[in-house]
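K.L.:
Quick one: sequence plus predicted model below, questions after.
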Amino acid sequence: MALTLAIVVAAVVIAAAAAALVRRRRPDPPTVPAVSVPAQLDRHDFELPEREWLLVLFTSATCLSCAEARAALAPIDRPDLVVQEAALETHRPLHERYSVDWVPVVVLADREGVVRWSRVGPPTPNDLNRALAEIDS
């Protein structure tokens, strides 16, 4: 009887220890893709480098939200700003040079190529209005 009781107690202790280990093991957290946004551009890589400001939209043909980003930038018409789309299919060297691995990415760079504002994903009209208001001040 004592032997049976000892076996039962040992089995309960082993089961409790195994349960504690299983509870402590958590699944790995989901991976979050690292998004690279350039901090500096060479203005000669883009159209009209003599303009005061450059707004670049990095896109891809397979990007579902790039059309939304394109539409947000379409109404922008300023003499001091050039807006350029850099589609992966036609501007792959730019994507590679600036390590753009996620689209859409929008960057606003000054005459020296310093990125003053950026957005990963389609920008809202408020985002763009704030960014453009800051370059006016």
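P.N.:
Perfect, thanks for sending it. Numbers count the residues shown, from 1 in each chain.
K.L.:
drop to CA atoms for contacts and neighbour counts, all remaining ones
P.N.:
OK.
K.L.:
what sits against the most centrally placed residue in the chain?
P.N.:
A centroid search over the chain (Cα atoms, centre = their mean) returns residue 35, at 3.9 Å, as the residue closest to the centre. Residues in contact with residue 35, defined by Cα atoms under 8 Å, 6 or more residues apart in numbering, are 100-102, 120.
K.L.:
Run through this structure and note the low-pLDDT ranges.
P.N.:
Judged against pLDDT under 70, the low-scoring parts of the chain cover residues 1, 5-6, 8-9, 20-23, 26, 28, 31-34.
K.L.:
I'd say residue 38 and residue 113 touch.
P.N.:
No. Contact criterion Cα atoms under 8 Å: residue 38 and residue 113 do not qualify, at 10.1 Å.
K.L.:
Residue 61 is in contact with residue 89, isn't it?
P.N.:
Yes. Residue 61 is in contact with residue 89 according to Cα under 8 Å; the separation is 7.2 Å.
K.L.:
which neighbours do those two share?
P.N.:
The contact lists of residue 61 and residue 89 share no entry, where a contact means Cα under 8 Å, 6+ apart.
K.L.:
ok, which stretches of this structure are strands?
P.N.:
Assigned strands in the chain, in chain order: 53-59, 81-87, 105-109, 115-120 (criterion: DSSP state E).
K.L.:
Which elements pack onto the third one?
P.N.:
It refers to strand 105-109. Contacting strand 105-109 under the criterion 3 or more Cα pairs under 8 Å, 6 or more residues apart in numbering; DSSP states H and E are the following elements: strand 53-59, strand 115-120.
K.L.:
any chance of the ones you listed in CSV, plus mean neighbour count and distance to residue 70?
P.N.:
Conversion of the helices and strands packed on strand 105-109 to CSV gives the following (neighbours: other Cα atoms under 10 Å; distance: least, Cα to Cα, whole Å):
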stretch, mean neighbour count, distance to residue 70
strand 53-59, 25, 8
strand 115-120, 18, 13
